[in-house]
Each structure stands twice: as C-alpha cells, then as structure tokens.
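Participant: Sequence and predicted structure are below.
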Amino acid sequence: MVLAYTLLLFLLCSGLFYLGSDYSSTLVSLLHVILLIVPLICIMFGTIHFYNSREFIEMLLAQPVDRNSIYFGEYLGLAGSLVMALFIGLGIPILLWQPTEAALYLLVVGLMLTFIFSALAFLTSVRSVDKAKGIGSALLLWFYFAVLFDGVVLLILHYYSDYPLEELVLVLTSLNPIDIGRVLILLKLDTSALMGYTGALYQKFFGTGFGQVFSMSVLLIWIVIPLFRARKIFSKKDL
C-alpha cells in the first residue's frame, strides 16, 4: 500500500511537471491533487492499518508494556512510513523540476497533513470497535474537510454578506487544515489578486510573518488534539 502510494505520487507529480508549460498553473494543479489525495490516503490507510493490527496490539497489551508506548509506536510507525512516501513521491520531482519556495511549502503542507490525518485516522479507529463503522467515519471525515466544508463556508458568507466578516473568514479557515494549506501555497504563488477581496484579506494576515507562524501553529494544534484525544481513549478502552 505504501509503495503504491509512493509510486502514485511520483507519477502524478512528475507527469504534471513534465507536461505543464507554466510553472504557477502546474503547481496549482499539483496543489489540488495533493490536498485531495494525501488526506484521503492517510486517513484510510491509517484506519485500515489500526484495525488490521488489532490482534497484534492486543498481544502487546497482554505484555508488561506501557499503553502509551504501544500507541505512539503505532502512530509514529504509520506516520513515518507515509512521510517517507511523501518525501520520495513528491520531494524528488520537486527537487528535479522546480525546487522553489512555493514548491517546498507544498511539501511542508503535505507533511503536516500527513501527520494530521494519520492522527484523525487513529481517533476514528479507537472510538469504534466495528471496522466498517470506523472506515465509514473516516471517509465521512475526509469528505467533510475536503469537499463539504467549503460549501458550508460559502453558504455562511452568502447569508451574512451584509455584515463585516473579516474575523469570521479567518476563524473558519483555521477550522480546516486543508484550507490553511491551500491558502499558504496560493499566497506563495502570488495568486491572491485573483481571489478578490478574500484574497486581499488572506494576504494581509497570512502573508505576514505572524500569519505564517499562526498557520503553522494551528496545523500543529490539529495534530496534537486528535492525537492525544485518541491516546486518552486508547489508554482507557478495553480492546
């Protein structure tokens, strides 16, 4: 699975760089592909891996081994393999074709999303004993962040368009790690001018040093909260 994921990323990235005539449009296309594929693969592979490893985990729990060590070992093993796949499948084409700041930011965002959705995979897995229910919850979670969330945001902005929404837009963006990654990359490509008023707002906040630190901090929070929430459930739950 990890090898297939690596090969898929490598072929997609190399193909887009090879066939693309304009660097910015190629990177935008690659951005949309990465923001869909990386979260989906991470949350699905992580969920399936946890359920398939249940018997092995139960065997370890029968030994005098700390539950936290088992949990973090499983998580780091999963996330580490997916990170290596990302570095090979995405990092090598970037270094070969366009090792620019925006492309490197894309690699960093992909890295953060790998850790985030691996943590969300563990959270959905430890909450449900039933494998089908856990996988279904993981798919719904990915669909919400990747597709449904933007529609909800547009609906809110439409109905409250007569009110000042600057702070609300920033808060809503922070509630979705995929959106934060998308904004960071688009700003590095200087495409905010094509986004109208919202783009100017993003540039004013996320384009500053404080905004970038804030964005990375929010992404770290997105890793920590589901990871430690799942650890708390795992430490108390009878598998």
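Facilitator: Looks like it came in fine.

Participant: Show me the contact partners of the helix or strand hosting Ile70.
Facilitator: Following DSSP states H and E, one finds Ile70 within helix 67-86. Contact with helix 67-86 is made by 2-3, 5-6, 9, 38, 41-42, 45-46, 49-50, 53, 57, 60-61, 107, 110-111, 114-115, 118-119, 121-122, 227, 230-231, 234-235, as judged by Cβ atoms under 8 Å, 6 or more residues apart in numbering. (Glycine included, C-beta is placed from N, CA and C.)

Participant: Among the residues you listed, which lie within helices?
Facilitator: 2-3, 5-6, 9, 38, 41-42, 45-46, 49-50, 57, 60-61, 107, 110-111, 114-115, 118-119, 121-122, 227, 230-231, 234-235 (DSSP state H).

Participant: Quick one, which of these are buried?
Facilitator: 5-6, 9, 38, 41-42, 45-46, 49-50, 57, 107, 110-111, 114-115, 118-119, 121-122, 227, 230-231, 234 (16 or more other Cβ atoms under 10 Å).

Participant: which residues does Leu220 contact?
Facilitator: Counting by Cβ under 8 Å, 6+ apart, Leu220 makes contact with Met112.

Participant: average pLDDT for the helix or strand containing it?
Facilitator: If you go by DSSP H and E, Leu220 is part of helix 209-236. The average pLDDT within helix 209-236 is 88.

Participant: Would you mind getting the angle between that helix and helix 67-86?
Facilitator: 130 degrees (axes from the mean of the first three to the mean of the last three Cα atoms, to 10 degrees).

Participant: Just the buried residues of helix 209-236, please?
Facilitator: Going by neighbour count (16+ other Cβ under 10 Å), the buried part of helix 209-236 is 211-212, 214-215, 218-219, 222-223, 226-227, 229-231, 234.

Participant: same thing with stretch 142-162?
Facilitator: Those would be Trp142, Phe145, Ala146, Phe149, Val153, for stretch 142-162 by 16+ other Cβ under 10 Å.

Participant: Of all pairs in the residues you listed, which one is the farthest apart?
Facilitator: Among the buried residues of stretch 142-162, the pair separated by the greatest distance (Cβ to Cβ) is Trp142 and Val153, at 17.0 Å.

Participant: before we move on, back to that, heading C-terminal from the helix holding Ile70, find the next helix or strand.
Facilitator: Next along the chain from helix 67-86, counting by DSSP H and E, comes helix 92-97.
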